[in-house]
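>>> Sequence and predicted model, in that order:
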Amino acid sequence: MSVFRKLLAIFHDDWCRECQNQMEEKSKKLYMLPMTVGHYVSHNDPEYYRKNLIPVNRKSDIRVGNYACGIKVYRCPECLHELVKLSIFLPVRDQEKYEEVIYFENNELDGI
């Protein structure tokens, strides 16, 4: 295995950390969070997201001043390892002001 592929797996969320192959995007969803401007609190507990994610169809459905969460599920076609990426951001006009990105790799968010 090349050093280049190992580096890609370390620095790119769409490369498998198990076998260092490029992963496929399995699904992509958008949610609103019950946190507003000035009240953001970081959560690393997957149960928080299971209980508090509010599905929305598009960014315009997110209430003004509420944080949003984009979720991408990646799956490796080689070893079938899955990775869930949560990108938490505040929609401001036509921009996304990112607060943080959280990864889950142990099926903690299955079914979301």
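On my side now, so go ahead.
>>> mind listing the strands for this structure?
Using DSSP state E, the strands of the chain run over 24-36, 54-56, 66-75, 82-92, 95-104.
>>> With distance to Ile112 and mean neighbour count as added columns, please give those in a markdown table.
Any C-beta I mention is one placed from the backbone N, CA and C, and that applies to glycine too. Putting those into a markdown table (distance: least, CB to CB, whole Å; neighbours: other CB atoms under 10 Å) gives the following:
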| stretch | distance to Ile112 | mean neighbour count |
| --- | --- | --- |
| strand 24-36 | 7 | 15 |
| strand 54-56 | 9 | 14 |
| strand 66-75 | 6 | 20 |
| strand 82-92 | 8 | 19 |
| strand 95-104 | 10 | 13 |
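>>> Asp13 is nearest to which of those strands?
Minimum separation from Asp13 across those (CB to CB) falls at strand 82-92, 5.3 Å.
>>> What is the closest one packed up against?
strand 66-75, strand 95-104 (3 or more CB pairs under 8 Å, 6 or more residues apart in numbering; DSSP states H and E).
>>> before we move on, back to that, wait, which of the strands of the chain is closest to Ser42?
strand 95-104 (6.1 Å).
>>> pLDDT averaged over the closest one, what's the number?
The average of the pLDDT scores along strand 95-104 is 91.
>>> looking at the strands of the chain, which is closest to Asp14?
Once the strands of the chain are compared by CB to CB, strand 66-75 is nearest, at 5.7 Å.
>>> I'd like to know the beta-bridge partner residues of the residue nearest in space to the middle of the chain.
For the chain, the residue nearest the mean C-alpha position is Leu86 (1.9 Å; CA atoms, centre = their mean). Beta-bridge partners for Leu86, by DSSP bridges, are Ile71, Ile102.
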